[in-house]
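In: sequence plus the predicted model coming up.
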Number of protein chains: 2
Amino acid sequence: MFTVRQMRYFDALATTLHFRKAAEMAHVSQPALSAQIAEMEEIVGAQLFERTRKSVVLSEMGQRLLPRIRSILREIRSLEEIAAQKRGLLQARIRLGIIPTIAPYLVPVLIPILRERYPALKTELKEAVTSKLIEDLRSGELDAIVAALPIEDDMLTVEPVFHDRFLIATSANDNDVLSSPMTQDNVAVERLLLLEEGHCLRDQALAVCSATRQRQLINYGATSMATLLQMVSHGMGLTLIPEIAVRAEAGHTKMRIVPFADGEPRREIGLIWRRQSERREDFHALARCIAESAETLRLSSEELSVLAQ
Amino acid sequence: MFTVRQMRYFDALATTLHFRKAAEMAHVSQPALSAQIAEMEEIVGAQLFERTRKSVVLSEMGQRLLPRIRSILREIRSLEEIAAQKRGLLQARIRLGIIPTIAPYLVPVLIPILRERYPALKTELKEAVTSKLIEDLRSGELDAIVAALPIEDDMLTVEPVFHDRFLIATSANDNDVLSSPMTQDNVAVERLLLLEEGHCLRDQALAVCSATRQRQLINYGATSMATLLQMVSHGMGLTLIPEIAVRAEAGHTKMRIVPFADGEPRREIGLIWRRQSERREDFHALARCIAESAETLRLSSEELSVLAQ
DNA sequence: TAAAAATACTCCATAGGTATTTTAT
DNA sequence: ATAAAATACCTATGGAGTATTTTTA
């Protein structure tokens, strides 16, 4: 009979209706997936998918099997979670995804806290943009993710964990911000540097800085906060920096970092997991640790005044 | 995560609570099963079974997993059956178990009928005593079995298919049966030859021949109808022979075969499958073929009078 | 002809088997 | 001492990967 692996591949192919994409989703090569699908068809003695040049569609038999296989995979996932729920909180492995504008700042603080408080916990971390993380979360590749809200997904449960203020980062010899305090309206959009497409922070920055004048944008997407801030410190422009990133990034570069003069633009960071997950308690405990970690990254007014010089 | 195979082994071990027996039930060696259970425990990071010298018991984690795993295995079995239900009747593989006192006579007739009527059908046959067949049927190793009724099992559905008369077989030079026609009461129990323990026909023969005088039994169990009838034809005693066996067995041996003078003792043969099986239509079709096969094995009165000489 | 799936092949990890040891009563 | 499970060790197979061919719109 079918193996669990075969059913996973079947599910992927039924979802994508495309061998290469299904293989990608299943993290295997296309021939590996083809072989397993062929093996399944051999077993039932009938085609599961009808292939033509431009399309792959479920055969009648495939349609009959799909809901059952999905249901089995769901049950297996729930089995995994029950197995993970050892006695007690956070005693098992947790596979956590974190977006790139949080991970490098949060992780060095979070991990020691977890290690001290839950020594039996094994953490596996993955850094990727929100859309990729959500995909992996839904597929069961990850147990939970840390990302910026809002996230709307029927399959997922979202718990807000902390707020992260946006500040403005400019070159240290740039006096604009001192002469005329920056507001969300008067920020020099034509000098605004952004992360590359896909990062939620890029979109948030645009939303904050009255993105009506988007035509004037510098069309260069940095691949990480660190390179973005390198650019800023070399006088190439200015950018939004999340508060949690400041201490790590501002230390070794000559930058001026100031709050907005009007209001407090910020992003809300949440912990997200599959709705049917049986590990709610685990995730709540984890969320508390994350909130604590974020707290330690918050800047005091003394630090802020130094950075604004 | 677990493989289907591992879950099957887990189920077997949770059922038997004995590694060797579980391995037997799963048709693998004991170390193979041990290795897979160890692998599962490695995966969850906890013991699933607590082993002591005299007992294997489910751990707390094992208990938590067991119902889920059973449920997954049930779903997988149902998946198999849906897959087997190709369009149309008997188009798929059918794994059929038949008891040893039927198989050699029925199979040569049944197979050609099936091959002609359902050319797409793949049959896999297994011959074993009823208790073994029921075990394999329940475990999903077989799809259906042919055995003597009654069979009482909540998990199974029984369909009566045909009746099979019992006749008396004696050596050709044995004149007892001619001088005084045999009845179920006067049969010479002290000369009655039987199959070995485990065969239902042995018990039926005893029931037919007023088994009140069981002390006088010859304590020799033949391993098959053929050897039993060899013994009879060599004058070692007499035995009950099912009608379906007569033509095949009486041809090449010097035996006298006569009906009982009183009544018509007989066994009822049925087709049995798992209650939740989705292949009822397949099984009904198969039952019809079996009934037809049995019909062709029935003896005419002419044949009977020849055999009685 | 270009994209997609199938095929060919090689390699390695996994599961299986047999023989043997360890363990607990 | 004995029965049961674990371990050691070897083998075979299944599934993976890369490279390549076949297919069809």
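Out: Received the coordinates, thanks.
In: in the stretch 151-300 of chain A, where is pLDDT below threshold?
Out: A:174-190, A:210-219, A:252-253 (pLDDT under 70).
In: do that again at 90, thanks
Out: A:153-156, A:168-194, A:196-198, A:202-224, A:226, A:228-239, A:247-265, A:274-282, A:300 (pLDDT under 90).
In: who is the closest residue to DNA strand D within it paired with across the strands?
Out: DNA strand D sits closest to A:Arg274 of the stretch 151-300 of chain A, with a gap of 23.5 Å, by C-beta to the nearest atom of the strand. Any C-beta I mention is one placed from the backbone N, CA and C, and that applies to glycine too. Going by DSSP bridges, A:Arg274 is paired in beta bridges with A:Leu156.
In: who's in contact with it?
Out: A:77, A:137-138, A:140, A:155-157 (C-beta atoms under 8 Å, 6 or more residues apart in numbering or on different chains).
In: who wins for neighbours among those?
Out: A:Leu137 (25 neighbours; other C-beta atoms under 10 Å in any protein chain shown).
In: what's the closest non-adjacent residue to that one?
Out: A:Ile145 (5.3 Å; C-beta to C-beta, 6 or more residues apart in numbering or on different chains).
In: and what of A:Phe10?
Out: A:Ile69 (5.6 Å).
In: need the residues of chain A near chain B, please.
Out: Residues of chain A found near chain B (C-beta under 8 Å from any C-beta of the partner chain) are A:1-5, A:43-46, A:60-61, A:64-65, A:68-69, A:71-72, A:75-76, A:78-80, A:82-84, A:86-87, A:92-93.
In: contacts for the strand or helix carrying the residue nearest to A:Leu137, please.
Out: Secondary-structure element containing A:Ile145, defined by DSSP states H and E: strand A:144-148. With C-beta under 8 Å, 6+ apart as the contact definition, strand A:144-148 has outside contacts at A:94-99, A:102-103, A:106, A:130, A:133-134, A:136-137, A:161, A:200-201, A:204, A:267-273, A:283, A:286, A:290.
In: doesn't A:Arg165 fall inside a strand?
Out: Yes - counting by DSSP: H, G, I helix; E, B strand; the rest coil, A:Arg165 is found in a strand.
In: count the residues that sit near whatever residue of the stretch 101-250 of chain A ends up closest to DNA strand C.
Out: Here the residue of the stretch 101-250 of chain A nearest DNA strand C is A:Glu124; by C-beta to the nearest atom of the strand that distance is 17.0 Å. Using other C-beta under 10 Å, A:Glu124 has 11 neighbouring residues.
In: how close does the residue of the stretch 151-300 of chain A closest to DNA strand D sit to DNA strand C?
Out: 26 Å (C-beta to the nearest atom of the strand, to the nearest Å).
In: tell me which residue of the stretch 51-200 of chain A lies closest to chain B.
Out: Closest approach of the stretch 51-200 of chain A to chain B (C-beta to the nearest C-beta) occurs at A:Ala83, with a separation of 4.3 Å.
In: wait, that residue sits on B:Glu60?
Out: No - with contacts counted by C-beta atoms under 8 Å, A:Ala83 stays clear of B:Glu60, the gap being 11.9 Å.
In: now do the strands in chain A.
Out: With DSSP state E as the criterion, chain A has strands at A:49-51, A:56-58, A:93-98, A:122-127, A:144-148, A:156-171, A:194-195, A:221-222, A:239-242, A:255-259, A:266-274.
In: mind checking which of those is nearest A:Ala294?
Out: Minimum separation from A:Ala294 across the strands of chain A (C-beta to C-beta) falls at strand A:156-171, 4.1 Å.
In: buried ones in the closest one?
Out: A:156-159, A:161-162, A:164-171 (16 or more other C-beta atoms under 10 Å in any protein chain shown).
In: next, the angle strand A:266-274 makes with that strand.
Out: Interaxial angle of strand A:156-171 relative to strand A:266-274 (axes from the mean of the first three to the mean of the last three C-alpha atoms, to 10 degrees): 150 degrees.
In: need the max-distance pair from the buried residues of strand A:156-171.
Out: A:Thr157 and A:Ser171 (42.3 Å).
In: how close does the closest residue to A:Met25 other than its chain neighbours get to A:Leu238?
Out: Distances taken as C-beta to C-beta, 6+ apart place A:Ala12 nearest to A:Met25, at 4.4 Å, with adjacent residues excluded. According to C-beta to C-beta, to the nearest Å, A:Ala12 and A:Leu238 sit 44 Å apart.
In: count of residues packed around the residue nearest to A:Leu137?
Out: Number of residues near A:Ile145 (other C-beta under 10 Å) recorded here: 24.
In: what bridges to it?
Out: Bridge pairing for A:Ile145 - DSSP bridges - gives A:Gly97, A:Ile272.
In: by residue count, what's the longest helix in chain A?
Out: Ranked by residue count and defined by DSSP state H, the top helix of chain A is helix A:60-84.
In: and the residue of the stretch 151-300 of chain A closest to chain B?
Out: Counting by C-beta to the nearest C-beta, the stretch 151-300 of chain A gets nearest chain B through A:Glu278, at 10.5 Å.
In: make sure that residue is actually in contact with A:Leu79.
Out: No - contact criterion C-beta under 8 Å: A:Glu278 and A:Leu79 do not qualify, at 9.6 Å.
In: and these two? Which one has more around it.
Out: Set A:Glu278 next to A:Leu79 and count neighbours by other C-beta under 10 Å: A:Leu79 wins out with 21 against 16.
In: ok, the more buried one - contacts?
Out: A:Leu79 is in contact with B:1-2, B:65, B:68-69, B:72, counting by C-beta under 8 Å, 6+ apart.
In: in ChimeraX, how would I select just the buried ones from those residues?
Out: Here is the ChimeraX command that selects the buried residues among those (16+ other C-beta under 10 Å):
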select /B:2,65,68,69,72
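In: list just the nearest of the contacts of A:Leu79 to DNA strand C.
Out: Closest to DNA strand C, out of all of these and judged by C-beta to the nearest atom of the strand, is B:Phe2, at 9.1 Å.
In: list the residues that contact the closest one.
Out: A:4, A:76, A:79, B:10, B:40, B:43, B:69.
In: what subset of those is buried?
Out: A:4, A:76, A:79, B:10, B:40, B:69.
In: what about the nearest residue to A:Arg115 once chain neighbours are set aside, distance to DNA strand D?
Out: Counting by C-beta to C-beta, 6+ apart, A:Arg115 lies nearest to A:Leu121, which is 7.7 Å off, once chain neighbours are set aside. Distance, A:Leu121 to DNA strand D, by C-beta to the nearest atom of the strand: 26 Å.
In: could you do A:Glu60 as well?
Out: 19 Å.
In: dump the residue contacts of the residue of chain A most remote from its centre.
Out: Farthest-out residue of chain A from its mean C-alpha position, per C-alpha atoms, centre = their mean: A:Gly45, at 42.0 Å. Listed by C-beta under 8 Å, 6+ apart, the contact partners of A:Gly45 are B:86, B:92-93, B:122.
In: so where do the helices sit in chain A?
Out: A:4-16, A:19-25, A:30-44, A:60-84, A:103-117, A:130-138, A:176-179, A:200-208, A:225-233, A:243-250, A:280-297, A:301-307.
In: so for A:Ile151, which of the ones you listed sits nearest?
Out: helix A:130-138 (7.1 Å).
In: show me how chain A divides into domains.
Out: Chain A breaks down into these domains under automatic domain parsing: A:4-84, A:93-161+A:269-301, A:163-266+A:303-307.
In: next, the distance between the ends of the second one.
Out: Start to finish, the residues bounding domain A:93-161+A:269-301 are 38 Å apart (C-alpha to C-alpha, to the nearest Å).
In: hang on, the earlier thing: for the contacts of B:Phe2, give me a markdown table that also has distance to B:Thr52.
Out: Putting those into a markdown table (distance: C-beta to C-beta, whole Å) gives the following:
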| residue | distance to B:Thr52 |
| --- | --- |
| A:Val4 | 32 |
| A:Ile76 | 31 |
| A:Leu79 | 27 |
| B:Phe10 | 19 |
| B:Met40 | 19 |
| B:Ile43 | 23 |
| B:Ile69 | 23 |
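In: list just the nearest of those residues to DNA strand D.
Out: A:Val4 (9.7 Å).
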